[in-house]
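Colleague: got a structure for you, letters missing:
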């Protein structure tokens with residue numbers, strides 16, 4: 001298909017798929033539209049990755065409930081991890097293929113998006129201020145701050161080594177042990193319709209098939225997301241980290257955004273907040289940790305400097321505003337404004 005596009009558009013195209021044409025990964029269309037095909041591949045593959053992660057998480061949730069797992073365990077083990085699968089799988093593939101800078105860019109961008117964009121949206125969609133009265137949420141806030149501090153400290157020298165990656169994975173294990181021993185709330189985030197959840201009594205074959213097919217979709221989507229980022233970065237002559245900090249991080253946080261808005265609309269904004277915090281912790285500890293165990297992760301200093309500063313601001317600002325144990329709509333609007341400033345700064349517009 002990609003090779004056919006060359007003859008249709010009469011373009012010079014270089015792609016790893018069309019080795020007999022060229023082998024760099026971008027093309028020129030009338031010397032003006034050099035990014036059409038790489039962007040199309042990126043958008044399609046990112047869409048496949050997100051949709052496959054959604055189906056995977058929904059099927060895994062139904063299987064978990066059918067196996068009599070508690071709603072708490074389903075939320076912590078399946079939903080929280082499932083909504084972060086795009087970051088995890090794309091991070092593993094990026095590191096394995098020698099593009100580790102994509103990983104840290106995606107993690108930093110996703111965490112900043114989680115706090116500024118998704119939390120801001122949750123407060124606006126919610127009919128009331130988000131309260132932090134429940135102990136498990138407030139302690140999650142401490143773990144989120146701690147995971148951000150670990151990530152920032154390890155990035156000071158511009159690289160996360162395998163030993164540092166192991167420390168991050170251990171941090172996530174400690175967090176999971178805390179969750180198991182904490183008071184378990186009655187409700188957790190869900191991607192399934194409540195009526196569907198109530199009807200789950202036995203494992204269905206269709207759910208197993210959906211799990212298998214969506215797992216393949218996650219892998220294929222993540223593989224081509226990473227490849228297209230390389231193509232786009234080469235064509236634009238920009239660092240791959242910039243693309244992962246902006247477009248990729250926004251795309252991979254869409255599952256969290258969907259779960260968060262759904263919970264907020266149901267009048268459960270605290271559950272939405274728990275999902276945001278859990279995703280930030282998972283990204284910092286597991287996505288970065290697992291990827292760096294495969295290969296040390298490096299990040300260009302200039303991009304790291306800007307994004308790390310914004311992550312510090314996001315974590316610290318969130319922590320300070322939450323001391324009254326609530327996040328109001330006005331504070332949510334301020335978070336959204338911070339996100340706009342982040343995009344403007346990281347892209348060099350402002």
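Modeller: Right, received. Where do you want to start? These numbers come from a predicted model, not from an experiment. Residues are numbered from 1 along each chain as shown.

Colleague: residues touching the closest residue to residue 152 other than its chain neighbours, list them.
Modeller: Distance criterion Cβ to Cβ, 6 or more residues apart in numbering; nearest residue to residue 152, sequence neighbours excluded, is residue 308 at 5.5 Å. Any C-beta I mention is one placed from the backbone N, CA and C, and that applies to glycine too. Counting by Cβ atoms under 8 Å, 6 or more residues apart in numbering, residue 308 touches 108, 152, 155.

Colleague: make CSV out of those residues and add distance to residue 250 and pLDDT.
Modeller: Shown next, in CSV, are the contacts of residue 308 (distance: Cβ to Cβ, whole Å; pLDDT from 0 to 100):
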residue, distance to residue 250, pLDDT
108, 12, 89
152, 21, 88
155, 21, 85
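
Colleague: can you put those residues in CSV and add distance to residue 274?
Modeller: Output for the contacts of residue 308, formatted as CSV (distance: Cβ to Cβ, whole Å):
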residue, distance to residue 274
108, 22
152, 23
155, 26
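
Colleague: next step: the residues you listed restricted to helices.
Modeller: Among the contacts of residue 308, the members found in helices (DSSP state H) are 108, 152.

Colleague: which members of the contacts of residue 308 are classed as buried?
Modeller: Buried subset of the contacts of residue 308 (neighbour count, 16 or more other Cβ atoms under 10 Å): 108, 152, 155.

Colleague: any idea how far residue 109 lies from residue 152?
Modeller: Relative to residue 152, residue 109 is positioned 14 Å away (Cβ to Cβ, to the nearest Å).

Colleague: what does residue 331 give?
Modeller: Here residue 331 is placed at a distance of 23 Å from residue 152 (Cβ to Cβ).

Colleague: ok, residue 105 touching residue 306?
Modeller: No. Counting by Cβ atoms under 8 Å, residue 105 stays clear of residue 306, with 11.2 Å between them.

Colleague: looking at the two, which one has more neighbours?
Modeller: Each of residue 105 and residue 306 has its neighbours counted (other Cβ atoms under 10 Å); residue 105 has more, 30 against 17.

Colleague: distance between the helix or strand where residue 56 lies and the chain's centre?
Modeller: Take DSSP states H and E as the rule and residue 56 turns out to sit in helix 36-66. Chain-centre distance of helix 36-66: 12 Å, with Cα atoms, centre = their mean, to the nearest Å.

Colleague: and stretch 167-185, by the same measure?
Modeller: 20 Å.

Colleague: buried ones in it, by neighbour count?
Modeller: By 16+ other Cβ under 10 Å, the buried positions in stretch 167-185 come out as 167, 168, 169, 171, 172, 175, 179, 185.

Colleague: by contact count, what packs against the helix or strand containing the fourth one?
Modeller: Counting by DSSP H and E, the element that carries residue 171 is helix 162-181. In this structure, helix 162-181 makes packing contacts with helix 135-154, helix 269-282, helix 288-294, judged by 3 or more Cβ pairs under 8 Å, 6 or more residues apart in numbering; DSSP states H and E.

Colleague: try it again at 6 Å.
Modeller: helix 288-294 (3 or more Cβ pairs under 6 Å, 6 or more residues apart in numbering; DSSP states H and E).
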